[in-house]
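Engineer: generate a structure from the sequence data that follows.
(one chain, ligands or ions: 1)
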Amino acid sequence: MNKKQGRLFSKVAIVTGAAAGIGKGTALLFAEEDASVVLVDVNEEKLNEVAAEIRQMGGSCEIVCGNVGLMKTAEEAVACAVNVYGRLDILFNNAGIMPVGDILDYPEEIWDEVLQVNLKSMFLMCKKAIPEMLKRNSGSIINTSSVMASLTEPGYTAYSASKAGIIGLTKEIAVSYTEKGIRCNSIAPGWVETDMNVRLAESMGGMDKLYPIIKQQQPLGRMATTREVAYAVLFLASDESVAVSGSCLSIDGAASAAI
Ligand SMILES: NC(=O)c1ccc[n+]([C@@H]2O[C@H](COP(=O)([O-])OP(=O)(O)OC[C@H]3O[C@@H](n4cnc5c(N)ncnc54)[C@H](O)[C@@H]3O)[C@@H](O)[C@H]2O)c1
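Structural biologist: Modelled structure (predicted):
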C-alpha cells in the first residue's frame with residue numbers, strides 16, 4: 001500500500017531559527033508531513049545536522065546560513081525556495097533571542113539587536129516572501145511571538161516589546177493580504193523545552209531554580225516540548241486552518257489564563 005500523503009504534501013516552507021529548539025522541531029515535522037523545507041539559521045554546524053536528519057528520513061531540504069536581521073538573508077532564503085523548489089507556500093518566522101536586563105542598565109545596542117532579530121527580521125522576510133505567495137494567491141505565514149507579549153516580568157525589556165510588536169505586525173499583514181489568499185498568524189508559546197531556557201536556567205544557577213517557577217506559572221506543570229509546539233504550527237501552516245488569519249494562538253499550558 002502506498003504511504004498516505006502528508007498534511008503539507010507538495011508545499012514549500014521556509015523555517016527560520018531551524019538549527020535548534022522550536023524551529024528544529026517544526027522543520028522536522030514539516031518534512032515528515034512531506035513539505036520541502038528551506039532551513040535558515042546563523043549556526044551553520046547545527047543547521048547541517050538538522051539537514052542531515054531530514055535527508056536521512058527521506059525528506060527534502062536546503063540550508064541558508066545567515067542573520068535573519070539582514071535583508072540579504074531574506075533574499076537568499078526566498079530565492080532558494082523559488083530556484084530549488086519553484087514556489088513558496090509557508091513562511092515560519094521563528095528565530096529569536098532573549099537577552100535580559102533592567103531598562104536602566106540595558107545597552108542601546110542590545111535593544112537594537114533584539115528588535116532587529118526578533119521583529120525586523122519578520123518584516124524583511126515578509127517583504128520578500130509575499131510577492132512569491134501572491135503569484136498563486138496562496139500562502140501561510142506564522143510568526144513566533146510569546147506569552148511575554150502580554151504578560152511579562154522585570155528584565156524582559158526589549159524581548160517583551162519585540163514580541164508585542166510581532167502580534168501587531170501579524171494582524172497588519174493579515175488584514176492586508178488574507179483577501180489575496182495569504183494568511184498570517186502568530187503563536188504565543190509559554191515555557192518550552194529548548195536551549196533558550198537551558199541558558200536562562202544557567203544564568204539563574206541551574207534548572208532546579210527554574211523548575212519551581214515554571215510549575216507555578218504554567219498550569220500544565222512542565223515545559224511544552226518542541227514537538228507539541230510544532231503540531232500547532234503545522235495546523236496553521238496547513239490548509240486545515242484556511243479560515244484562520246490574524247490570530248495569535250497560545251501554546252502555554254494555560255499560563256496566560258492564570259492569575
Ligand atoms: N523556549 C521558550 O520557552 C519560548 C517561549 C516563547 C517564545 N519563544 C520563541 O521561540 C523562538 C525560538 O526559540 P527557541 O526557544 O527555540 O530558541 P533556541 O535558542 O533554542 O533556538 C533559536 C534558534 O534561532 C537561531 N538564531 C538566533 N539568532 C539568529 C539570527 N540573528 N539569525 C538567524 N538565526 C538566529 C539560533 O541559532 C537557534 O538555532 C524565539 O523567537 C523565542 O523567542 C521561545
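Engineer: residues in contact with Y106?
Structural biologist: Shown in contact with Y106 (C-beta atoms under 8 Å, 6 or more residues apart in numbering): T157, A158. Just so you know, the C-beta spots here come from the backbone N, C-alpha and C atoms, and that holds for glycine as well.
Engineer: so it, which of the three states?
Structural biologist: Judged by DSSP: H, G, I helix; E, B strand; the rest coil, the three-state class of Y106 is coil.
Engineer: how near is it to the ligand?
Structural biologist: 17 Å (C-beta to the nearest ligand atom, to the nearest Å).
Engineer: what's the answer for N48, then?
Structural biologist: N48 is 12 Å from the ligand, by C-beta to the nearest ligand atom.
Engineer: per-residue confidence at that residue?
Structural biologist: N48 carries a pLDDT value of 98.
Engineer: how about the helices in this protein?
Structural biologist: Per DSSP state H, the chain carries helices over the ranges 21-32, 44-56, 71-80, 108-115, 121-134, 157-177, 195-204, 207-217, 226-237.
Engineer: got the residues of this protein near the ligand?
Structural biologist: Residues of the chain lying close to the ligand by C-beta under 6 Å from any ligand atom are 17, 19-23, 41-43, 67-69, 94-98, 117, 144, 146, 189, 191-192, 194-197.
Engineer: restricted to buried residues, select these in ChimeraX.
Structural biologist: Written as a ChimeraX command, the selection of buried residues from the residues of the chain next to the ligand, which uses 16 or more other C-beta atoms under 10 Å, is:
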select :17,19,20,21,22,23,41,42,68,69,94,95,96,97,98,117,144,146,189,191,192,194,196,197
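Engineer: list the contacts for the residue nearest to M148 when sequence neighbours are not counted?
Structural biologist: Leaving aside its sequence neighbours, M148 sits nearest to S160 (C-beta to C-beta, 6 or more residues apart in numbering; 4.9 Å). S160 is in contact with S146, M148, A149, T152, counting by C-beta under 8 Å, 6+ apart.
Engineer: just K215 next, same as before
Structural biologist: G221, R222.
Engineer: how about the one 10 residues further on?
Structural biologist: By C-beta under 8 Å, 6+ apart, the contact set of T225 is G25, V192, E193.
Engineer: what distance do you get for the residue in the stretch 51-200 of the chain that the ligand sits nearest to to A188?
Structural biologist: Across the stretch 51-200 of the chain, no residue is closer to the ligand than G96, which sits at 2.2 Å (C-beta to the nearest ligand atom). Distance of G96 to A188, computed by C-beta to C-beta, to the nearest Å: 12 Å.
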